[in-house]
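Chemist: mind folding the following:
(2 chains)
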Amino acid sequence: MTENIVEINNLSFGYGSRRLHKGINMKFPRGKVVAIMGGSGSGKTTLLRLIGGQLKPTHGEVKVTGQIVHKQDRPGMYALRRKMGMLFQFGALFTDLSVYDNVAFPMREHTNLPESMIRDLVLMKLNAVGLRGAHKLMPAELSGGMARRVALARAIALDPSIIMYDEPFAGLDPISMGVIVNLIRNLNDVLGATSIVVTHDVHEAFSFVDYVYFVADGVVAAEGTPEELHASQLPFVHQFVHGDVDGPVPFHYAAPDYRQDLLRAAHV
Amino acid sequence: MFKQTTKTLRGIGHRFIDRIWRLGTAARFVWRILRRSSDNPLRLIGLTVREMYATGVLSLVIILVSALFVGMVLALQGYNTLQRYGSSEAAGVLVALSLVRELGPVVTALLFAGRAGTAITAEIGLMKTTEQLSAMEMMAVNPIARVIAPRFWAGVISMPLLAAMFSMVGVLGGYLVAVPLLGIDHGAFWSQMQTSVDFRADIVNGVIKSFVFGIACTIIALFEGYDAPPTAEGVSRATTRTVVNSSLAVLGLDFALTSFMISV
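Modeler: From the prediction side, this is the model:
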């Protein structure tokens, strides 16, 4: 049986009075690439922040390698985070550091390796994402896809056992998207890591992930392998997978009656 | 009428509580900076020196050019007034005392808030907006220790040095106007200044002021950046607040410190 690296048990979370998650359960087995999908504002990125311990659940728990994340003190939390790598939506590269220094940053912070060894490791990581030749560039000189790849090299700098991706395909051209898809799959398999990919790009995600969770209305609305979900007749899954404009997820934001609204405007 | 009054009072109360809340958050923020400053002192020194370049060295041009003009204007105004009483040689004293006691620390702090303070707020605010601080947290690196503390110490150390340079260049500006231009005796200019400026009462007090202003301006700049909503508008408002709050803090603190120093 495959060990679960990350487990989310009965998790609830909200901002103020707005409840975003209402008892979510998820499991992320070692060595697998798992996607969390759902509409905008469904709390997918928040789930990553809860796994990373940047937010505290109101109920339930997130376990990473068997340890409850929100019960850790600061050193414990930092020890857990050293096992994680995270790719932020737009890379979040340090703009005052070069590509090389960005990738070297976690190594310099957490290891006492000599600079010569750090250099070799940085070049290896950059080579893995195809950007060894760009190591002298500054983040401002990179395209969106390149920045995402540098951020990926930085995320895997310390060979984490969990890699989290927040919307890795947002705003990328098809070629860059294909590159990132291959990188996520290959790096996961080579490093023996567990990858959690937050995305709403159905086509790309279904092409390389092992398992998918659909989040809607604060709960897991559906789950399964890409094949299972593709064949699913659940209205929400069908709408999401096939991109139907209307369905269980309405096109219109909740509003009063259209005719009455227009008539009221005429009286103003 | 009653409803309106209640609404107004509630608004005032809400704003008051909000201010107190922010003050408490700022106090906790300062405490965290001080606590994290002892995490890795050697690394902190290295990072602080790097930040001093951005905070101090890059502020030099505006500080020194302003100082030169302030000194020149002081000499002109001083000469114009003093010559009516037949003591135009005292222009040097007037320039030096005005600069060392008041204008050096105050004008430097105001310029520092406008140049370095806004840069710090915008930088930290943008780091927050672009998730760089979150990324650091996720890499198990404390942003307070890595980003905030070095900038705090850089500001605190840079301010007195900048104020000292401001006063020096200001005196030089005053000399350039008073001696070659207005014809005041070179020896009288310097000797009167030497006898009238007291090291303890004037220079040390000026340094104390600039040190206090440095702490105030840097904390305001850092806090506003760190606390800024992660949007373009949020960063823009935070930058504006840095200038406004720093200027008011400097002028208020100047009055408090001067009253205290005169009474001692």
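Chemist: B:R151 contacts B:T55, doesn't it?
Modeler: Yes - the pair B:R151 / B:T55 is scored as a contact, 6.9 Å apart, by C-beta atoms under 8 Å. Any C-beta I mention is one placed from the backbone N, CA and C, and that applies to glycine too.
Chemist: those two: which has the busier surroundings?
Modeler: Higher neighbour count among B:R151 and B:T55: B:T55, with 30 against 26, using other C-beta atoms under 10 Å in any protein chain shown.
Chemist: buried set for stretch A:110-130?
Modeler: A:I118, A:L121, A:V122, A:K125, A:L126, A:A128, A:V129 (16 or more other C-beta atoms under 10 Å in any protein chain shown).
Chemist: quick one: low-confidence ranges for the stretch 151-268 of chain A?
Modeler: Counting by pLDDT under 70, the stretch 151-268 of chain A shows low-confidence ranges at A:250-251, A:265-268.
Chemist: can you show me the strands along it?
Modeler: Secondary structure of the stretch 151-268 of chain A (DSSP state E, counting those that start in this stretch): strands at A:162-166, A:194-198, A:211-216, A:219-224.
Chemist: tell me what the third one is packed against?
Modeler: Think strand A:211-216. In terms of contacts (3 or more C-beta pairs under 8 Å, 6 or more residues apart in numbering or on different chains; DSSP states H and E), strand A:211-216 is packed against strand A:18-29, strand A:33-38, strand A:219-224, helix A:226-231, helix A:235-242.
Chemist: most tightly packed of those?
Modeler: strand A:33-38 (a mean of 25; mean count of other C-beta atoms under 10 Å in any protein chain shown).
Chemist: run me through the strand neighbours of it, direction for each.
Modeler: strand A:194-198 (parallel), strand A:211-216 (parallel) (DSSP bridges).
Chemist: next, the angle strand A:18-29 makes with the last one.
Modeler: Pointing back at strand A:211-216 there. Strand A:211-216 runs at 170 degrees relative to strand A:18-29, counting by axes from the mean of the first three to the mean of the last three C-alpha atoms, to 10 degrees.
Chemist: then the first one?
Modeler: Compare the direction of strand A:194-198 with that of strand A:18-29 by the same axes, to 10 degrees and you get 150 degrees.
Chemist: residues from chain A in reach of chain B?
Modeler: Residues of chain A found near chain B (C-beta under 8 Å from any C-beta of the partner chain) are A:52, A:54, A:77-79, A:81-82, A:84, A:86, A:88-90, A:92-95, A:105-106, A:109-110.
Chemist: next step: these restricted to helices.
Modeler: With DSSP state H as the criterion, helices contain A:M77, A:Y78, A:A79, A:R81, A:F105, A:P106, A:E109, A:H110 from among the residues of chain A next to chain B.
Chemist: the first one - how many residues pack around it?
Modeler: Taking other C-beta under 10 Å as the criterion, the count of residues near A:M77 is 19.
Chemist: surely it and A:V69 touch.
Modeler: Yes - A:M77 is in contact with A:V69 according to C-beta under 8 Å; the separation is 7.3 Å.
Chemist: now A:V241: closest residue in space that isn't a chain neighbour?
Modeler: Leaving aside its chain neighbours, A:V241 sits nearest to A:V202 (5.5 Å; criterion: C-beta to C-beta, 6 or more residues apart in numbering or on different chains).
Chemist: what of B:L257?
Modeler: Closest to B:L257 by C-beta to C-beta, 6+ apart is B:K209, at 5.4 Å.
Chemist: tell me which helix or strand comes right after the helix or strand harbouring that neighbour.
Modeler: Applying DSSP states H and E as the criterion places B:K209 in helix B:205-227. With elements assigned by DSSP H and E, the helix or strand that comes after helix B:205-227 is helix B:232-263.
Chemist: okay, the angle between that next one and helix B:205-227?
Modeler: Using the same axes, to 10 degrees: helix B:232-263 against helix B:205-227 is 160 degrees.
Chemist: tell me which helix or strand A:V6 sits in.
Modeler: Assessed by DSSP H and E, A:V6 sits inside strand A:4-15.
Chemist: phi, psi of A:P168?
Modeler: Dihedral pair for A:P168: phi -70, psi -20, per degrees, to the nearest 10.
Chemist: neighbours of the nearest residue to it once chain neighbours are set aside, how many?
Modeler: Once flanking residues are discounted, A:P168 sits nearest to A:I180: 5.3 Å by C-beta to C-beta, 6+ apart. Using other C-beta under 10 Å, the number of residues around A:I180 comes to 22.
Chemist: report the contact partners of A:I180.
Modeler: Going by C-beta atoms under 8 Å, 6 or more residues apart in numbering or on different chains, A:I180 touches A:G145, A:R148, A:R149, A:L152, A:P168, A:F169, A:L172.
Chemist: can I get the residues you listed in a markdown table with neighbour count?
Modeler: Listed next are the contacts of A:I180 as a markdown table, based on neighbours: other C-beta atoms under 10 Å in any protein chain shown:
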| residue | neighbour count |
| --- | --- |
| A:G145 | 18 |
| A:R148 | 29 |
| A:R149 | 25 |
| A:L152 | 25 |
| A:P168 | 26 |
| A:F169 | 23 |
| A:L172 | 20 |
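Chemist: so which of these comes closest to A:G247?
Modeler: If you rank the contacts of A:I180 by distance to A:G247 using C-beta to C-beta, A:F169 comes first, at 23.0 Å.
Chemist: spatially nearest residue to the residue nearest to the spatial centre of chain B (excluding sequence neighbours)?
Modeler: In chain B, the C-alpha nearest the mean C-alpha coordinate belongs to B:A109, at 2.6 Å (C-alpha atoms, centre = their mean). The shortest distance from B:A109 to any non-neighbouring residue, by C-beta to C-beta, 6+ apart, is to B:F213 (3.7 Å).
Chemist: mind jotting down where the helices sit in chain B?
Modeler: Using DSSP H, the helices of chain B run over B:2-36, B:41-55, B:60-82, B:91-97, B:104-112, B:118-129, B:132-138, B:143, B:149-176, B:186-196, B:205-227, B:232-263.
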